[in-house]
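> after the sequence you'll find the predicted model.
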Amino acid sequence: MNSPDLVRNERGIALFIVLWVLVLLSVIAGEFSHAMRTAVNITRNFKEETEAYYIARAGVNAALKKLIRQETRPRRNVSIETSDKSPGDEDWRVNTTIPPVPFASGKFQIRIENESGKVNINAAGVPLLRVMLDRFDLMDAEKDIIVDSIIDWRDTDSFHRVNGAEDDYYEGLAEPYEARDAPFLSVSELLLVRGVTPAIFYGGLNEMVTVHAGESGGSGGSLIFGGGGASRRQGQNRININAASPQLLDALPGIGPEQIQAIQNYRAEKDFEAVSDLQAVVGPDRYAAISPYIMLENTSFFTIRSTGMISESPVQSAVNVLAEIDPQLERKFRIVQWIEE
C-alpha cells in the first residue's frame, strides 16, 4: 500500500472514531439532560405537594375556627343572613361543599359534614338498624342476625338475643375471640360482629355508621336546625336529613333515586329548617313513612375534608379530620382522627 492510500485510510479511521465519540458524547449528554429534567420535576412536584399539604392544613384550621365561632354564637338558625358581614367573615354551611378559598400560592376546598347524618351503632334501636340494612340485598333472617348481634355486641350482659351472638358463638370460631359487651370503639369493629361480611361492610355499611354521636345540637345552638322536641335518645335513633348521605337516604322507606335527587337539589340551595319542609319535596305518603327516622339536629362531631391545590398545577393534597367541637373543652375542640391522603 503506497503512502497516499495509507494516509487516506488513517484519516478515515480517525473520522470514524471521532463520529463514534460524538455519538457517545451525545448519548451521555442526553442521559444527563434527562436525569436533570427528572430531578427538576421530582423537586418541583415535592415542593408543590408540600405546599398543597400545608394549604390543606390551613383549610382544616380555618374550618375549625369557623365551626367554633358558629357553635359558640347564640343563634339557632343555620340559614343565616350574611349581607351585613365583611368579606371572609361569612358562615360556612355544614353538610355542603364550601367554595374554594384562596390561600398563599393556591387555594383550599372545604367540605364539612356532621356525624348526625350517620347511624350511631352504639345507640340505634332495632327499627333504625333494620332501615340501615334495607339498602343491602339481604334476607330478613340475615338482617335479624346482624341487628341482634350488633345489640348483643354492645350490651353489657352475656345473654344473646334470639338471633344474636355472644361469647359462646365467637369462641367457637376458627379464630376465637370474645364479644366486647361494651360500646363499639370503631366502625371497623363491625367486621367482628356475626353476619357482617366484608362485602356488606365495604359495600357501603362503613360509610353509613358512626361511633361518634355526642350531644345533639351542642351547647351554643347555632348548628341546631330547629324543629326541636326530640330528646337525646330520640335523636340517636334518627338521622339528620340535612347530613344524610345518598346511600343512607336510599335506605329510608319509600325513598328512591328521584326523591334522593330532589332532597339533594333542595339541600344544595339551603338546609331543611323544619321536618315538615320535607313533605313538599318527597310527598305526604313518603314523608309519613320516613318521619320516624329523621331529625334536623347536628351533633358535636364534624368531619372536615380539606383539599389543598396549587395555582396552575394538577398537584393536590387532602386532609380528612374528625373533630369534636365543644365550648366546654379547653381549646373548644379536639381532634379525634386525622388522615392524610
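Right, received. Where do you want to start?
> span of stretch 175-195 from start to end?
End-to-end distance for stretch 175-195, by Cα to Cα, to the nearest Å: 16 Å.
> same deal with stretch 159-166?
OK, stretch 159-166 end separation, Cα to Cα: 7 Å.
> Thr303: which element?
strand 301-310 (DSSP states H and E).
> for that strand, packing partners?
Counting contacts by 3 or more Cβ pairs under 8 Å, 6 or more residues apart in numbering; DSSP states H and E, strand 301-310 is packed against helix 3-72, strand 106-114, strand 316-325. Yep, even glycine has a C-beta here, placed from its N, CA and C like the rest.
> helix or strand next in line after the worst-scoring helix or strand of the chain on mean pLDDT, which one?
Lowest on mean pLDDT, DSSP states H and E among the helices and strands of the chain sits helix 232-236, with a mean of 49. Downstream of helix 232-236, the next assigned helix or strand under DSSP H and E is strand 239-240.
> tell me the helix or strand right after that next one.
Remark: after strand 239-240, the chain's next helix or strand is helix 246-251, criterion DSSP H and E.
> in stretch 301-310, which residues are buried?
For stretch 301-310, the neighbour count (16 or more other Cβ atoms under 10 Å) marks Phe301, Phe302, Thr303, Ile304, Arg305, Ser306, Thr307, Gly308, Met309, Ile310 as buried.
> I meant to write stretch 57-74 there.
Quick answer for stretch 57-74 (16+ other Cβ under 10 Å): 57-60, 62-64, 66-68, 70-72.
> one more: stretch 258-269?
Quick answer for stretch 258-269 (16+ other Cβ under 10 Å): Gln259, Ile260, Ala262, Ile263, Tyr266, Arg267.
> stretch 196-212 now?
Buried residues in stretch 196-212 (16+ other Cβ under 10 Å): Val196, Ile200, Phe201, Gly204, Leu205, Met208, Val209, Thr210, Val211, His212.
> who touches it?
115, 118-122, 132, 135-136, 138, 146, 149, 183-191, 245, 247-248, 251, 299, 301, 322, 324, 336 (Cβ atoms under 8 Å, 6 or more residues apart in numbering).
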